[in-house]
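Participant: Dropping the sequence and predicted coords here.
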Amino acid sequence: MPDIVVAGAAGRMGHRIVACVQDSPDLRLAAALEAPGHGAIGRDVGELAGVGRLGVAVTADAAAAIVPDRVLVEFSVPDASLEHLRLVARTGARAVIGTTGFSGAQREEIEQLARRSAILVSPNMSVAVNVAFTLLATMAKALGDDYDVEITEIHHRFKKDAPSGTALRMGEVVAAALGRDLGQVAVYGRQGLPGERARPEIGILSLRSGDVVGEHTVSFGTLGERLELTHRAHSRDTFARGAVRAARWLAAQPPGLYSMQDVLGLA
């Protein structure tokens with residue numbers, strides 16, 4: 001039975017992951033982490049998550065929580081996740097990371113750490129979104145350069161990074177399928193008189209509004225028609241369930257860098 005460590009356990013996603021782990025008879029919640037000084041330190045994480053007392057107190061002692069053979073599940077901020085991943089690699093634990101906003105240097109370090117431990121990083125843990133990544137590659141290859149690609153994403157007002165990691169991954173998938181470098185062709189919004197749209201452009205627009213959980217649309221448009229693929233998340237549970245599914249799968253994997261595509265057999 002895999003032992004799960006939930007980091008960011010007092011946050012919105014942390015609450016839902018705790019609840020989903022508790023609902024999984026083949027998993028055991030072993031520890032709950034929060035940042036030093038957080039108001040939840042010492043409180044029972046089950047009570048915080050609304051699932052009743054679990055006998056697991058929130059702690060800031062990551063070194064005591066992240067030990068061999070446990071699986072860390074984390075949705076937080078890049079610096080905190082990377083610090084925890086260093087512990088994962090040092091101890092032989094495993095990690096499922098849904099944190100977004102990593103810099104290029106941080107992603108390179110994660111690749112190095114994954115040589116020592118099994119680490120799964122995905123910008124979106126939703127099963128349907130990861131199926132969408134595969135569909136987008138097929139759509140882009142079939143439609144080709146005659147179709148303009150525009151990506152829009154909407155999230156709640158509290159989201160700190162933009163564009164979302166999911167929107168960027170969608171852009172990367174489409175760009176790769178079309179033989180383009182997203183770093184060279186991405187356009188993040190338009191203003192004034194930018195001129196006629198260049199054929200290779202991939203537009204990415206971020207909206208922040210209220211309590212929207214997450215919505216992504218990729219539009220392929222040409223003269224006479226438009227084809228769109230949209231994913232709407234109605235609840236954070238879709239991400240929590242995906243993360244728990246990933247943790248269950250990762251518990252049996254050797255060191256390496258994995259994604260949800262591997263979990264779903266789509267890689």
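Facilitator: Yep, that arrived.

Participant: what about residue 265, how many neighbours?
Facilitator: 6 (other Cβ atoms under 10 Å). C-beta: built from backbone N, CA, C; applies to glycine.

Participant: what helix or strand is it on?
Facilitator: Under the criterion DSSP states H and E, no helix or strand holds residue 265.

Participant: For it, grab phi and psi.
Facilitator: phi 70, psi 30 (degrees, to the nearest 10).

Participant: Run through the residues that contact it.
Facilitator: If you count contacts by Cβ atoms under 8 Å, 6 or more residues apart in numbering, residue 265 has none.

Participant: Can you show me the CA trace of stretch 189-199 as PDB?
Facilitator: The C-alpha trace of stretch 189-199 is given here as PDB (Å, rounded to 0.1, in the frame of the first residue of the first chain):
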ATOM      1  CA  GLY A 189      -2.000  38.900 -26.700                       C
ATOM      2  CA  ARG A 190      -2.200  41.800 -29.300                       C
ATOM      3  CA  GLN A 191      -2.600  45.500 -29.000                       C
ATOM      4  CA  GLY A 192      -2.600  48.600 -31.200                       C
ATOM      5  CA  LEU A 193      -1.700  48.000 -34.800                       C
ATOM      6  CA  PRO A 194       0.400  44.800 -34.800                       C
ATOM      7  CA  GLY A 195      -0.300  44.200 -38.500                       C
ATOM      8  CA  GLU A 196      -1.600  41.200 -40.400                       C
ATOM      9  CA  ARG A 197      -1.300  37.900 -38.600                       C
ATOM     10  CA  ALA A 198       1.800  36.100 -39.500                       C
ATOM     11  CA  ARG A 199       1.200  32.500 -40.600                       C
END
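
Participant: residues in contact with that stretch?
Facilitator: By Cβ under 8 Å, 6+ apart, stretch 189-199 touches 145, 148, 203-206.

Participant: can you put these in CSV and add neighbour count, secondary structure and pLDDT?
Facilitator: Formatted as CSV, the contacts of stretch 189-199 follow (neighbours: other Cβ atoms under 10 Å; DSSP: H, G, I helix; E, B strand; the rest coil; pLDDT from 0 to 100):
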residue, neighbour count, secondary structure, pLDDT
145, 13, helix, 97
148, 19, strand, 98
203, 18, strand, 98
204, 23, strand, 98
205, 17, strand, 97
206, 17, strand, 97
